[in-house]
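*Asks:* Coordinates only, no sequence provided:
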């Protein structure tokens with residue numbers, strides 16, 4: 001372990017000179033060195049309350065040899081705010097770790113005293129996973145390849161670690177815990193079990209809440225209709241339970257009729273087609289004039305826990321055919337006139353911007369109205 005160092009608080013730096021860190025039998029020792037200049041000291045920048053950052057390469061070098069045990073690059077010493085404990089060969093260990101919260105994960109620095117970090121993915125129901133993590137690459141002169149990994153679930157399969165948690169504790173539940181392995185050599189540095197990560201600060205682990213139901217600002221009963229290149233903004237207006245994950249993805253059942261973007265904005269497409277009178281493509285409010293096609297827009301609430309059933313809500317949007325008017329029922333008369341009325345009562349032969357009431361008059365004297373959005 002390195003002990004000698006000098007610190008200059010005014011300059012905000014810390015200096016660690018070259019020094020022996022381990023003595024072997026005989027005349028060979030391991031030194032802590034600046035890899036780029038083995039005669040120079042290692043200099044770091046001190047960030048009060050946060051830690052120390054080192055620029056460049058440093059490593060543990062065998063004296064009188066060219067090989068290094070390990071090399072670090074642009075590393076940081078972070079102020080710990082948690083502990084990690086585990087058991088190895090019936091011996092209990094406990095080390096300080098650095099914890100940093102994200103929306104759905106926790107970053108753990110100095111994981112298992114390896115000097116590296118892992119991301120822990122938090123799920124609904126206070127469960128978590130740690131995916132396989134590469135902690136080093138390239139041999140850097142080592143005898144063993146250092147393409148090692150900080151995880152393991154058994155001795156034959158690499159797999160994610162699993163566990164359960166509370167507000168300030170993460171407990172590993174896998175039978176085998178984790179192992180650090182050396183790829184290419186088939187060797188494993190050790191098996192660690194009964195691992196627990198505890199917070200020592202005032203923070204808590206915030207687990208996602210799985211949504212169970214969502215509603216939109218429109219339903220099938222609204223019979224929302226849009227013209228080609230017209231738009232309609234869909235939004236999630238309620239989500240249950242309170243505080244559930246509100247990330248939403250949007251999909252269209254037929255993008256040839258209408259598309260929907262990542263924000264729920266529906267856009268009618270320019271297309272040629274006709275609906276079938278009294279068939280599945282018949283607009284419910286359009287009893288005599290059939291030129292609107294249905295498309296289903298679905299919102300899906302995204303949940304980080306892959307085992308949770310996603311909450312969805314859908315609405316049927318009617319989009320006007322661009323070039324063809326279909327009247328497939330022989331009893332229906334021909335279209336005599338079409339006019340559009342806006343919210344102010346103004347009348348025009350072409351639609352106004354915004355919501356219109358489209359009034360279609362047939363040659364047999366009947367009329368139909370449809371709500372249209374341009």
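*Replies:* Good, I have the coordinates. Predicted, not measured: the structure shown is a model, and the values here were computed from it.
*Asks:* element containing residue 96, please.
*Replies:* Assigned by DSSP states H and E, residue 96 falls within strand 91-101.
*Asks:* Let me know the average pLDDT across that strand.
*Replies:* Strand 91-101 carries an average pLDDT of 92.
*Asks:* So what touches that strand?
*Replies:* The contact list for strand 91-101 (C-beta atoms under 8 Å, 6 or more residues apart in numbering) reads 51, 78-87, 106-113, 117, 197, 199, 201, 203, 205-206. The C-beta positions use only the backbone N, C-alpha and C, and glycine is treated the same way.
*Asks:* Pull up the pairing partners for that strand, direction included.
*Replies:* strand 82-88 (antiparallel), strand 105-109 (antiparallel) (DSSP bridges).
*Asks:* neighbouring contacts of the shortest one?
*Replies:* So the one you mean is strand 105-109. Contact partners of strand 105-109, identified using C-beta under 8 Å, 6+ apart, comprise 76, 78, 82, 84, 97-101, 116-122, 128, 170, 197, 205.
*Asks:* run the last query once more with 7 Å
*Replies:* Outside strand 105-109, the residues within contact range by C-beta atoms under 7 Å, 6 or more residues apart in numbering are 78, 97-100, 117-122, 197, 205.
*Asks:* quick one: average confidence on the very next helix or strand once past it?
*Replies:* Using DSSP H and E, the helix or strand that follows strand 105-109 towards the C-terminus is strand 117-123. The average pLDDT within strand 117-123 is 89.
*Asks:* list the helices and strands strand 117-123 packs on?
*Replies:* Contact here means 3 or more C-beta pairs under 7 Å, 6 or more residues apart in numbering; DSSP states H and E; on that basis strand 117-123 packs against strand 105-109, strand 127-130.
*Asks:* The same query, at a cut-off of 10 Å, please.
*Replies:* Contact analysis of strand 117-123 by 3 or more C-beta pairs under 10 Å, 6 or more residues apart in numbering; DSSP states H and E lists strand 91-101, strand 105-109, strand 127-130, strand 161-165 as its packing neighbours.
*Asks:* List the contacts of residue 87.
*Replies:* The contact partners of residue 87, taken as C-beta atoms under 10 Å, 6 or more residues apart in numbering, are 93, 177, 191-196.
*Asks:* and it, what are its bridge partners?
*Replies:* Beta bridges link residue 87 to residue 92, residue 193, judged by DSSP bridges.
*Asks:* ok, now how distant is it from residue 38?
*Replies:* Using C-beta to C-beta, to the nearest Å, we find residue 87 at a distance of 38 Å from residue 38.
*Asks:* and if you look at residue 12?
*Replies:* Per C-beta to C-beta, residue 12 is found 25 Å from residue 38.
*Asks:* cool, residue 235 as well?
*Replies:* Distance from residue 235 to residue 38, counting by C-beta to C-beta: 62 Å.
*Asks:* and what of residue 73?
*Replies:* Residue 73 is 16 Å from residue 38, where distance means C-beta to C-beta.
*Asks:* Dihedrals phi and psi, residue 246?
*Replies:* Dihedral pair for residue 246: phi -110, psi 10, per degrees, to the nearest 10.
*Asks:* same check, this time on residue 309
*Replies:* Backbone torsions of residue 309, given as degrees, to the nearest 10, read phi -80, psi 120.
*Asks:* So for residue 257, what's the nearest residue that isn't a sequence neighbour?
*Replies:* What sits nearest to residue 257 in space, not counting adjacent residues and going by C-beta to C-beta, 6 or more residues apart in numbering, is residue 295, at 4.2 Å.
*Asks:* Give me the below-cutoff pLDDT ranges for the stretch 251-374 of the chain.
*Replies:* 273-290, 303-307, 323-334, 363-366 (pLDDT under 70).
*Asks:* if you set the cut-off to 80 instead, what comes out?
*Replies:* Scanning the stretch 251-374 of the chain for pLDDT under 80 picks out the ranges 271-292, 302-309, 321-336, 343-345, 360-373.
*Asks:* returning to what we had before: okay, the strands paired with strand 91-101 in CSV with distance to residue 257 and mean pLDDT next?
*Replies:* Shown next, in CSV, are the strands paired with strand 91-101 (distance: least, C-beta to C-beta, whole Å; pLDDT from 0 to 100):
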stretch, distance to residue 257, mean pLDDT
strand 82-88, 53, 91
strand 105-109, 39, 92
